[in-house]
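J.: attaching a predicted model along with its sequence, questions to come.
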Amino acid sequence: MWMMSNLKLQETVPFVVMVAMEGCTIILTIWVKSVMTNNGMSPFVFVVYTHSLSSLFLLLSSFLFRCCRRDSTQQSVFTWALFVRCFLLGFTGITVSQNLGFLGLSYSSPILVCAMGLMIPSFSFLLSVSLRRAKLDWRSSGFQAKVSGTLISIIGAIVVELYKGEYIRKSSVSSSYWYINQLQLRVEKLGLIFSSEKEHWVVGGLLLATSTLSVSVWNIIQMGTMKLYPQVEVMEVVTFYSLLGTIQSAMLSLFLERNPSAWKLKLNGELLLIVLTAIFGGLVRSRVQHWCMNMKGPYYVPLFKPFGIVFATIFGVSLSANSLCYGSVMGAVITGMGYFIIIWGQIREDEKHDQDHCVDENLESSSERKVPLLQEEDV
């Protein structure tokens, strides 16, 4: 009985934690959208303040980890090549992706952010093919799945970008239940904004697509960096490129945000939002995802990303002061289907690669066993 309960906890706890992570991400996204719309907070200023605080937390965490770990004799060696890679990681992962992402959010809605975020595997696959990092094996079921999933994701992104359809919920309170009406009235008084005007939707989608493409490039650079420098601590690299990305974003914001009053934080939730976003994005989410990947495997965490569509739809219907359309949800669901197909194709390719690797090892071991016998016969 104790073993059974332990196994259930090992299955249930990571699932609940990852679902909660996606829900918290959407709640913070809607909050950021509301503050930018109601208070006029600049997305560039928000990125600088958030990542400055996040970099500070990462520095403290990395310092404490270095002091508390047992093997204190190992030292990291930062070369010029590694500095260039960290500079590119900060540029693609923070400066470009974060600034364009929050700017695109100010023009659109959280559900469009979710839909474009699901395009990361598609962009990564297209980049790997264009850079000849992936083999064009049309007979492989994994490659076919990745191609079809990419096409489905692109169709879903076009749908969520261009098609609106009928309203799921309009901004006026129309529910027949009294307590739901009261909840929505309170939410609308708080001014929780979910979407922007229609004429800005396409602009927001293009900005979010560019941000997603930058994240895909960041993933490729990050994977290459970890392979080339396995002796360097991962958190040290994360801390270093976070600092570089914050400096780059600060320099960029000086040109894009020249209004001095935009840098003054208002004590009406902006400071609290920045602190919570820095703690959640810089420390909590990365630690939790790393823990779940170590426990359940590398594909466990990506499987929960489409849960953001569910939370965005629920919160968009019940806890926001703007309308939500069927077209947006339908396009996001189509993109999520393509996302799952690409992940399945990647899993299939990895399984095939592992099988081929095992076959090669067996052949090598068998040849090593046969060679001495042949030599003895010759002697």
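T.: Perfect, thanks for sending it. Numbering: from 1, shown residues only.

J.: just the strands from the stretch 251-379 of the chain, written as ranges.
T.: Secondary structure of the stretch 251-379 of the chain (DSSP state E, counting those that start in this stretch): strands located at 324-325.

J.: just the helices from it, written as ranges.
T.: Using DSSP state H, counting those that start in this stretch, the helices of the stretch 251-379 of the chain run over 270-279, 285-296, 307-318, 326-378.

J.: all strands for the stretch 51-200 of the chain, in order.
T.: Counting by DSSP E, counting those that start in this stretch, the strands of the stretch 51-200 of the chain are 167-169.

J.: just for it, where's the confidence low?
T.: 65-78, 165, 167-199 (pLDDT under 70).

J.: swap the cut-off to 90 and go again
T.: Along the stretch 51-200 of the chain, segments meeting pLDDT under 90 span 55-82, 106-115, 128-143, 159-200.

J.: how much space between the closest residue to Val301 other than its chain neighbours and Ala209?
T.: Of all residues not flanking Val301 in the chain, Gln289 sits nearest, at 4.9 Å (CB to CB, 6 or more residues apart in numbering). For the C-beta atoms, the positions are set from N, CA and C on the backbone; glycine is no exception. Distance, Gln289 to Ala209, using CB to CB, to the nearest Å: 24 Å.

J.: which residues touch the residue nearest the centre of the chain?
T.: The residue lying closest to the centre of the chain (CA atoms, centre = their mean) is Gly117, at 6.6 Å. Gly117 sits next to Leu208, Thr212, Lys305, Gly308 when contact means CB atoms under 8 Å, 6 or more residues apart in numbering.

J.: next, format those residues as JSON lines and append pLDDT.
T.: Putting the contacts of Gly117 into JSON lines (pLDDT from 0 to 100) gives the following:
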{"residue": "Leu208", "pLDDT": "93"}
{"residue": "Thr212", "pLDDT": "94"}
{"residue": "Lys305", "pLDDT": "88"}
{"residue": "Gly308", "pLDDT": "86"}
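
J.: just the pLDDT at Ile334, thanks.
T.: Looking at Ile334, its pLDDT stands at 92.

J.: switch to numbering from 7
T.: Right, with 7 as the first residue, what we last looked at is Ile340.

J.: what about it, distance to Phe313?
T.: Distance of Ile340 to Phe313, computed by CB to CB: 16 Å.

J.: give me the pLDDT value at the residue nearest to Asn274 when sequence neighbours are not counted.
T.: Among residues not flanking Asn274 along the chain, Asn45 sits closest, at 6.9 Å (CB to CB, 6+ apart). The per-residue pLDDT reported for Asn45 equals 79.

J.: any idea how far Asn45 lies from Lys270?
T.: 11 Å.

J.: just Val102 next, same as before
T.: Distance from Val102 to Lys270, by CB to CB: 26 Å.

J.: over to Thr319?
T.: Using CB to CB, we find Thr319 at a distance of 35 Å from Lys270.

J.: equivalent analysis for Phe129, please.
T.: 37 Å.

J.: hey, where'd the helices end up in the stretch 7-156 of the chain?
T.: According to DSSP H, counting those that start in this stretch, the helices that the stretch 7-156 of the chain contains are 8-44, 49-74, 86-96, 103-113, 116-123, 126-136, 147-168.

J.: got a markdown table for these, with distance to Leu262 too?
T.: A markdown table is the format used below for the helices of the stretch 7-156 of the chain (distance: least, CB to CB, whole Å):
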| stretch | distance to Leu262 |
| --- | --- |
| helix 8-44 | 14 |
| helix 49-74 | 5 |
| helix 86-96 | 17 |
| helix 103-113 | 8 |
| helix 116-123 | 20 |
| helix 126-136 | 25 |
| helix 147-168 | 24 |
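
J.: most tightly surrounded among those helices?
T.: Burial of the helices of the stretch 7-156 of the chain is given as mean neighbour count (mean count of other CB atoms under 10 Å); helix 116-123 ranks first at a mean of 28.

J.: just want the angle from it to helix 126-136.
T.: 30 degrees (axes from the mean of the first three to the mean of the last three CA atoms, to 10 degrees).

J.: and helix 116-123, how far out from the chain's middle?
T.: 11 Å (CA atoms, centre = their mean, to the nearest Å).

J.: quick one on the thing from earlier: redo the contacts of Gly123 as a markdown table? Include neighbour count.
T.: A markdown table is the format used below for those (neighbours: other CB atoms under 10 Å):
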| residue | neighbour count |
| --- | --- |
| Leu214 | 28 |
| Thr218 | 24 |
| Lys311 | 21 |
| Gly314 | 24 |
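
J.: what's the farthest-apart pair in those residues?
T.: Leu214 and Lys311 (14.6 Å; CB to CB).

J.: if you count surrounding residues, which of Asn45 and Lys270 has more?
T.: Neighbour count, other CB atoms under 10 Å: between Asn45 and Lys270, Asn45 has more, with 14 against 9.

J.: contacts only, for that one.
T.: Lys272, Asn274, Glu276.

J.: can you say which of those are buried?
T.: Glu276 (16 or more other CB atoms under 10 Å).

J.: for Ser255, state which of the contacts of Asn45 is nearest.
T.: Of all those, Ser255 sits closest to Glu276, with 17.4 Å by CB to CB.

J.: where's that closest one relative to Ser48, distance?
T.: Taking CB to CB, one finds Glu276 at 11 Å from Ser48.

J.: just Lys152 next, same as before
T.: Lys152 is 38 Å from Ser48, by CB to CB.

J.: next: Tyr345.
T.: 31 Å.

J.: higher neighbour count, those two?
T.: Neighbours were counted for Tyr345 and for Ser48 using other CB under 10 Å; Tyr345 has more, 27 against 20.

J.: just checking, that one touches Ala121?
T.: No: at 9.6 Å, Tyr345 does not count as touching Ala121 under the criterion of CB atoms under 8 Å.

J.: right, I'll leave it there.
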